[in-house]
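A.B. asks: Sequence and computational prediction follow.
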Amino acid sequence: MNNIELETARNLHTQRGYFIEITCNRAVKAGRLSLSGVAEEQAVSVNLLYLGVKRGEGEEKKNRPVHPENDPWTYCALYSGFPEDISPYTTWGFLLDRDSNLWCEYYNNVYLKAPDLFDRGLEIEFEVPEIVAAKKPELLIICNGEILYQEVLDTPGKYTLCRNLQGIDRELVRYMIDVRSQQKAILAELNRVFEKYGLNYYLIGGSLLGYVRSGGPVPWDDDLDIAMTREDYEKFCSIADSEWDGTDFLLLKPEDFGEGLFYDFMTRLVYMKETIAGDPFERNGESGRADIHFHLPVDIYILDKTNPSEFIQNLKVKRLMLLYALALGHRPSFQNQKIMYKRNYWAVGNRLRKIGKHISLKTIFRRYFKLIREKKSKKNSRGYYQSNGYFGCLGKVFPTDIFGNGKTVIIGDSSVKIPEDPEAFLKTMYGDYRQFVMVWHRKTNFLKTVWYDPDRS
């Protein structure tokens, strides 16, 4: 790995962690006495003694912290005699026996994360009981979909393995390097055009979250989101043809993704010069325009003023949600994805999608554009809302002073504009934004990778 790949991989795995799978293809039924003295049966396999960062001797051989700081979704290490507060989400499949030893079942997995795991490597200690060795099981240890160890265990005893993890996820690492390079080109072009015409934009989403939390982009975030006011957006669209006709950039409005095809209500600026390994427009299917597949976009959120009346604004948001659900009937690869975040909305939303198939998409677009351009009251607005956003953000109201004129910061290698008060924006958008997201959500949006999600098992 070159220096760029090494640093990208270190940053990715230090913040994201590793998904470790342990499979033992045979186990035995061992008789044992319960507390009442009655014999019972229990499956016995390899006894896992330690799984975590490679340790040295002396003081370093002592137990390491169980959880990484501020990240309850992962473990630094697993030990025999594991604590009782073992989480079913972070150790999916491990069996804790009554003597507090950690035994492997047929299939086990755990999310591991520690600051020095990337540099020092992974250490695995396990014991093969005689009763298990007689069955000659095969032990398979996998990290992020890549085999670390595969061996038939036909000799009883204790074993220690050490594995270097720096070569894990090379495809993902190279992909993120390509993404960052293209995002840099997109941001440079946005800065040029916005400065030329006196317009303003604000970087939001995962890129802003990474900057506030750690000073750089979220290592696995391949999405790029900006926001701009309605006035600047209209000017921005009016100069698109003169600036980008026949160039490396293509501006796509919601109605430009294909005849009768709905992607969403978002406008996107697509970088057409190069491609990436993931496909941002996969759900377009084969019926949409073919020239944009595997090209990286920037999503453009529109900041519209809210109605002074909270009741009228909430009603407007519900009407926007209704139109979104109906429009999903014109998305070719819907694949039963949940279109609303609250479960009680799912059944209604899915029925609306089926109804929407029989309504002209042009009609839905016409009603949508009419709704968001309704004449505003002369009274003071309560703030901005993202009128072309997804269900999770439509109802969020941002006070106007959160954005202000914006301020310029450096993220990675790029100069970007962010809201005047980025912390207030993130708190409104995400709540407690400094908490780590569930570990199975730490994955790219566009590149399909091996990253276990217990919610989908």
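C.D. replies: Done, it's in. Residues are numbered from 1 along each chain as shown.
A.B. asks: Neighbours of I22, how many?
C.D. replies: Neighbour count of I22, defined by other Cβ atoms under 10 Å: 26. Using the backbone N, CA and C atoms, a C-beta is placed for each residue, glycine as well.
A.B. asks: Please confirm that it is located within a helix.
C.D. replies: No - the assignment for I22 is strand, going by DSSP: H, G, I helix; E, B strand; the rest coil, so no helix is present there.
A.B. asks: Go ahead and confirm it touches L112.
C.D. replies: No - judged on Cβ atoms under 8 Å, I22 makes no contact with L112 at a distance of 11.4 Å.
A.B. asks: Next, show the common contact partners of these two.
C.D. replies: L51 (Cβ atoms under 8 Å, 6 or more residues apart in numbering).
A.B. asks: neighbours around T160, how many?
C.D. replies: T160 has 12 nearby residues by other Cβ under 10 Å.
A.B. asks: so how far is D232 from it?
C.D. replies: As judged by Cβ to Cβ, to the nearest Å, T160 and D232 stand 61 Å apart.
A.B. asks: can you give me the strands for the stretch 351-457 of the chain?
C.D. replies: 384-386, 407-411, 414-418 (DSSP state E, counting those that start in this stretch).
A.B. asks: correction: the stretch 201-350 of the chain
C.D. replies: Under DSSP E, counting those that start in this stretch, the stretch 201-350 of the chain gives strands at 202-204, 225-229, 249-252, 267-271, 297-305.
A.B. asks: now swap in the stretch 51-200 of the chain and tell me
C.D. replies: Ranges of strands in the stretch 51-200 of the chain, per DSSP E, counting those that start in this stretch, are 77-79, 95-96, 102-103, 107-112, 122-128, 138-143, 146-152, 157-163.
A.B. asks: Same list, those, but as JSON lines with mean pLDDT and distance to F194 please.
C.D. replies: Formatted as JSON lines, the strands of the stretch 51-200 of the chain follow (pLDDT from 0 to 100; distance: least, Cβ to Cβ, whole Å):
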{"stretch": "strand 77-79", "mean pLDDT": "81", "distance to F194": "48"}
{"stretch": "strand 95-96", "mean pLDDT": "53", "distance to F194": "56"}
{"stretch": "strand 102-103", "mean pLDDT": "61", "distance to F194": "55"}
{"stretch": "strand 107-112", "mean pLDDT": "85", "distance to F194": "40"}
{"stretch": "strand 122-128", "mean pLDDT": "91", "distance to F194": "46"}
{"stretch": "strand 138-143", "mean pLDDT": "92", "distance to F194": "43"}
{"stretch": "strand 146-152", "mean pLDDT": "93", "distance to F194": "43"}
{"stretch": "strand 157-163", "mean pLDDT": "93", "distance to F194": "48"}
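A.B. asks: Please name whichever of those is nearest to I204.
C.D. replies: Closest to I204 of the strands of the stretch 51-200 of the chain, according to Cβ to Cβ: strand 107-112, at 27.9 Å.
A.B. asks: Pull the distance from that closest one to the chain's centre.
C.D. replies: Relative to the mean C-alpha coordinate of its chain, strand 107-112 is positioned 19 Å out (Cα atoms, centre = their mean, to the nearest Å).
A.B. asks: List the buried residues in that strand.
C.D. replies: N108, N109, V110, Y111, L112 (16 or more other Cβ atoms under 10 Å).
A.B. asks: do stretch 225-244 as well
C.D. replies: D225, I226, A227, M228, T229, R230, D232, Y233, F236, A240, W244.
A.B. asks: Identify, from those residues, the entry nearest to E255.
C.D. replies: Nearest member of the buried residues of stretch 225-244 to E255, counting by Cβ to Cβ, is A240, at 14.2 Å.
A.B. asks: okay but that closest one is in contact with L251, surely?
C.D. replies: Yes - using Cβ under 8 Å, A240 is in contact with L251, at 4.2 Å.
A.B. asks: Now for these two: what residues contact both?
C.D. replies: Joint contacts of A240 and L251 (Cβ under 8 Å, 6+ apart) do not exist.
A.B. asks: Tell me where the protein has helices.
C.D. replies: Applying DSSP state H to the chain gives helices spanning 3-16, 117-120, 130-133, 170-197, 205-214, 230-238, 240-244, 310-327, 343-356, 361-372, 391-394, 422-430.
A.B. asks: Could you work out which of the ones you listed reaches nearest to P156?
C.D. replies: helix 130-133 (4.3 Å).
A.B. asks: Quick one: mean pLDDT over that closest one.
C.D. replies: Mean pLDDT, helix 130-133: 84.
A.B. asks: Packing partners of it?
C.D. replies: For helix 130-133, the elements it packs on are strand 28-33, judged by 3 or more Cβ pairs under 8 Å, 6 or more residues apart in numbering; DSSP states H and E.
A.B. asks: In the protein, where is pLDDT below threshold?
C.D. replies: 26-44, 57-66, 81-105, 285-286, 333-348, 376-379, 450-457 (pLDDT under 70).
A.B. asks: Domain parsing of it, as residue ranges.
C.D. replies: Domain ranges of the chain: 3-168, 171-305+402-456, 307-327+342-380, per automatic domain parsing.
A.B. asks: if we can go back for a sec, mean neighbour count and distance to R192 for the strands of the stretch 351-457 of the chain - can I get that in JSON lines?
C.D. replies: JSON lines is the format used below for the strands of the stretch 351-457 of the chain (neighbours: other Cβ atoms under 10 Å; distance: least, Cβ to Cβ, whole Å):
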{"stretch": "strand 384-386", "mean neighbour count": "23", "distance to R192": "25"}
{"stretch": "strand 407-411", "mean neighbour count": "14", "distance to R192": "14"}
{"stretch": "strand 414-418", "mean neighbour count": "19", "distance to R192": "11"}
